[in-house]
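Colleague: sequence isn't available, so here's the structure alone:
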């Protein structure tokens with residue numbers, strides 16, 4: 001079983017940037033698709049982005065397209081979410097997850113981390 005741990009969250013002003021990291025342990029995650037979701041207070045969790053096993057395919061939610069960039073380093077079992085031009089509406093707990101195939105359906109992800117808080121002030 002793969003354990004996922006997110007880090008890099010914090011408080012940032014609108015227009016700023018943050019880099020989230022997802023570290024996997026327990027077994028190699030190189031055969032899995034990886035992705036991020038987020039959940040704001042009082043809202044349902046939503047899909048953010050996904051990346052395939054070797055990083056040459058990515059997919060982003062419309063709300064983050066052009067502002068967020070997903071990448072991974074399989075040698076280090078690590079995935080990164082570069083977030084720029086952050087907006088107050090990006091405030092949420094961000095979760096990394098892994099899935100056996102390309103999907104934007106959160107129920108099809110096999111495992112999730114505990115999350116990291118991102119707060120964007122106006």
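Modeller: Right, received. Where do you want to start? Not measured: the values here are computed from a predicted model.
Colleague: okay, and the most centrally placed residue in the chain sits in which element?
Modeller: The chain has residue 36 as the residue nearest its centroid, 2.7 Å off, counting by Cα atoms, centre = their mean. Assigned by DSSP states H and E, residue 36 belongs to strand 33-39.
Colleague: pull the residues that contact that strand.
Modeller: By Cβ atoms under 8 Å, 6 or more residues apart in numbering, the surrounding residues in contact with strand 33-39 are 20, 22, 45-53, 70, 72, 79, 81, 90, 92-103, 106, 109, 112, 115, 118. Glycine gets a C-beta too; all of them are placed from N, C-alpha and C.
Colleague: repeat that for stretch 9-28.
Modeller: Outside stretch 9-28, the residues within contact range by Cβ under 8 Å, 6+ apart are 1-8, 34, 36, 74, 77-88, 93-94, 96, 98, 113, 116-122.
Colleague: name only those of those residues that count as buried.
Modeller: Buried members of the contacts of stretch 9-28, scored by 16 or more other Cβ atoms under 10 Å, are 2, 4, 6, 8, 34, 36, 74, 77, 79-81, 83, 86, 93-94, 96, 98, 113, 116, 118, 120.
Colleague: quick one: pLDDT of the residue nearest to the centre of the chain?
Modeller: Note on residue 36: pLDDT of 98.
Colleague: give me the nearest residue to it, chain neighbours excluded.
Modeller: residue 48 (4.2 Å; Cβ to Cβ, 6 or more residues apart in numbering).
Colleague: the one you found against residue 62, yeah?
Modeller: No: contact between residue 48 and residue 62 fails when scored by Cβ atoms under 8 Å: they sit 10.8 Å apart.
Colleague: more neighbours: those two, which one.
Modeller: Higher neighbour count among residue 48 and residue 62: residue 48, with 25 against 6, using other Cβ atoms under 10 Å.
Colleague: which strand or helix spans that one?
Modeller: strand 46-51.
Colleague: so what touches that strand?
Modeller: Contacts to strand 46-51, defined as Cβ under 8 Å, 6+ apart, come from residues 33-39, 57-61, 64, 68, 70-72, 79, 81, 94, 99, 102-106.
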